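A.B. asks: Build me a structure from this.
(chains A and B, ligands or ions: 4)
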Amino acid sequence: MKKYICPICGYVYDEEKEGIKFDDLPDDWKCPLCGAPKNLFKAEAIEVVVSEEDDEEELREMNYGEISALCSSLARGCEKQYLEEESKLFTKLANYYKSKSEIKESSSFEELVSKINNDLETNYQKARSVASEKEDRGALRVITWGEKVTMILKSLLEQYKNDKDFIKNTKVYVCDICGFIYVGDEKPEICPVCKVPSFKLLEVERGA
Amino acid sequence: MSEVRAVRNLRICSKDCLCLYVCPTGATDTETGQIDFSKCIGCGACSKACPSGAISMVPYQYPKQQTKDDLVIAKLNKLIQSKVEQEQMAEYIYKNSNDSIEKQLAKAIIRANRLMTEDLYREAGFMLPQSKNTKDFLKNLLQQTKDETLKKDIEKLIDLLDFNE
Ligand code: SF4
Ligand code: SF4
Ligand SMILES: [Zn+2]
Ligand SMILES: [Zn+2]
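C.D. replies: Residues are numbered from 1 along each chain as shown, chains lettered A, B, ... in the order given. Ligands and ions are numbered 1, 2, ... in the order given. Okay, the predicted model is just below:
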């Protein structure tokens, strides 16, 4: 008998208590708390240790997309301190640099998935091992949240590939704090990743 | 001048209690619902009286940005770079699709990536808009741009922000 854990919200599926083997659950079974699909669940954790290799990161200029994101991040920082004018100015900068940033030509969801896989298999692992070694709690926090959100992105794109209409008759929400995407009729009471109350989960409307 | 001032969380405030009564200066008594911080002397009476925990005392000056390890920043930057690219890829899909469901999903992905990037930047040394990192970043932008209106906005920001180092 094993336990399986939801990597998004931490829900534990205990085979012993449930009386049904995890493998015997239907493929479309979902986490009862956060809706994460069955294939994301992992058998009770075995720590993954990533070997430390120091690839030198070359110093490079920020590109326009990055400048835009930093400005919108600072706009939020100002907003939290009730600095309205400063926040507006940062938002203006963010929009300006976003309009200048190039768009990746001919991108597809497939290419997006391969980037996501690279994040999950490499970038998050490396960042986590460095952040734990340096005991940077803030960095560990952002890595944990981001990794969960990225896993959900991946599974949504997989579901979309299998059935393009899987969101047709339901709703899509994005957590305005951590970026978690929730697909379902009723949003959860709190964000399963960052635990913010549901009013921060904003609906993404479907255009005409 | 006091080191702190009161701010009210309008989402929590029930607008019918004691903060108005206890405030010695009338700073809580405004049309907008926000506390008038030109009148607030930072005594904290309102915050203690509030039954809903809707008033916090926030500092005028925030502490300095904690120094971050270079290697941690490098790894976070790697993630930032990847998320920004993903936002741009999703942007392309959004702009070139005629399918309303595909567009909706792309929009959610754009938003999710932007939020993750913003969060990564906070932990990569830009938690506080008043930090030296932000100041250096803005000064750099100012040097690079030739756009006159943009220059004015950046200068205004540098002027408004109360940099703490
Ligand atoms: S901190 Fe004191 S002066 Fe400021 S709003 Fe509250 S009660 Fe009034
Ligand atoms: S005491 Fe608190 S809840 Fe009541 S009006 Fe003042 S801020 Fe609002
Ligand atoms: Zn879950
Ligand atoms: Zn969240």
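A.B. asks: neighbours around residue 74, how many?
C.D. replies: Using chain A here. 30 (other CB atoms under 10 Å in any protein chain shown). Yep, even glycine has a C-beta here, placed from its N, CA and C like the rest.
A.B. asks: you looked at the wrong chain, it should be chain B
C.D. replies: Neighbours around B:Ala74, by other CB under 10 Å: 19.
A.B. asks: cool, B:Gln104 as well?
C.D. replies: Count around B:Gln104 with other CB under 10 Å applied: 20.
A.B. asks: Surely it touches A:Ile167?
C.D. replies: Yes - using CB atoms under 8 Å, B:Gln104 is in contact with A:Ile167, at 6.8 Å.
A.B. asks: What's the per-residue pLDDT of the nearest residue to B:Gly42 once chain neighbours are set aside here?
C.D. replies: In space, and not counting its chain neighbours, B:Gly42 is closest to B:Ser2: 3.0 Å by CB to CB, 6 or more residues apart in numbering or on different chains. Listed pLDDT for B:Ser2 reads 73.
A.B. asks: do you know how far B:Ser2 is from B:Pro129?
C.D. replies: 21 Å (CB to CB, to the nearest Å).
A.B. asks: circling back to that earlier point, the residue nearest to B:Gly42 sits in which helix or strand?
C.D. replies: Per DSSP states H and E, B:Ser2 falls between elements, in no helix or strand.
A.B. asks: ok, it - how many residues close by?
C.D. replies: Counted with other CB under 10 Å, the neighbours of B:Ser2 add up to 13.
A.B. asks: ditto for A:Ser108
C.D. replies: Quick note: A:Ser108 (other CB under 10 Å) scores 13 neighbours.
A.B. asks: Need the residue closest to the centroid of chain B.
C.D. replies: B:Pro129 (7.3 Å; CA atoms, centre = their mean).
A.B. asks: Let me know the pLDDT of that residue.
C.D. replies: On the pLDDT scale, B:Pro129 is placed at 93.
A.B. asks: Do I have it right that it meets B:Leu161?
C.D. replies: Yes - using CB under 8 Å, B:Pro129 is in contact with B:Leu161, at 5.8 Å.
A.B. asks: between the two, what contacts are shared?
C.D. replies: Counting by CB atoms under 8 Å, 6 or more residues apart in numbering or on different chains, the contacts common to B:Pro129 and B:Leu161 are A:83, A:86.
A.B. asks: Strands of chain B, start to end?
C.D. replies: Listed in chain order, the strands of chain B (DSSP state E) span B:4-8, B:55-59.
A.B. asks: let me redo that: chain A
C.D. replies: Under DSSP E, chain A gives strands at A:3-5, A:12-14, A:42-43, A:172-175, A:181-183, A:201-203.
A.B. asks: how about CSV for the ones you listed, with distance to B:Ala108 and mean neighbour count added?
C.D. replies: Below are those laid out as CSV (distance: least, CB to CB, whole Å; neighbours: other CB atoms under 10 Å in any protein chain shown):
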stretch, distance to B:Ala108, mean neighbour count
strand A:3-5, 25, 18
strand A:12-14, 27, 15
strand A:42-43, 25, 12
strand A:172-175, 5, 24
strand A:181-183, 5, 22
strand A:201-203, 10, 15
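A.B. asks: do you know which of those lies nearest ligand 4?
C.D. replies: Among the strands of chain A, the nearest to ligand 4 by CB to the ion is strand A:172-175 (3.1 Å).
A.B. asks: what pairs with that closest one, and is each one parallel or antiparallel?
C.D. replies: Within its sheet, strand A:172-175 is paired with strand A:181-183 (antiparallel), strand A:201-203 (antiparallel), according to DSSP bridges.
A.B. asks: so how far is that strand from its chain's centroid?
C.D. replies: Here strand A:172-175 is found 11 Å from its chain centre; the criterion is CA atoms, centre = their mean, to the nearest Å.
A.B. asks: can that strand be found next to ligand 4?
C.D. replies: Yes - counting by CB under 5 Å from the ion, ligand 4 is contacted by strand A:172-175 at A:Cys175.
A.B. asks: Can you confirm whether stretch B:16-30 lies near chain A?
C.D. replies: No - Stretch B:16-30 is not in contact with chain A by CB under 8 Å from any CB of the partner chain; minimum separation 13.3 Å.
A.B. asks: Take that stretch, keep the C-alpha atoms, and write them as PDB.
C.D. replies: Extracted in PDB, the C-alpha atoms of stretch B:16-30 (Å, rounded to 0.1, in the frame of the first residue of the first chain):
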ATOM      1  CA  ASP B  16     -18.700  51.700  10.800                       C
ATOM      2  CA  CYS B  17     -16.400  51.500  13.800                       C
ATOM      3  CA  LEU B  18     -14.100  53.100  16.200                       C
ATOM      4  CA  CYS B  19     -11.200  54.200  14.200                       C
ATOM      5  CA  LEU B  20     -12.800  57.600  13.400                       C
ATOM      6  CA  TYR B  21     -13.600  58.100  17.100                       C
ATOM      7  CA  VAL B  22     -10.100  57.300  18.400                       C
ATOM      8  CA  CYS B  23      -8.100  59.200  15.900                       C
ATOM      9  CA  PRO B  24      -6.700  62.400  17.500                       C
ATOM     10  CA  THR B  25      -6.300  64.200  14.200                       C
ATOM     11  CA  GLY B  26      -9.300  63.200  12.000                       C
ATOM     12  CA  ALA B  27      -7.000  61.500   9.500                       C
ATOM     13  CA  THR B  28      -9.300  58.500   9.300                       C
ATOM     14  CA  ASP B  29     -12.200  60.600   8.400                       C
ATOM     15  CA  THR B  30     -12.000  60.900   4.600                       C
END
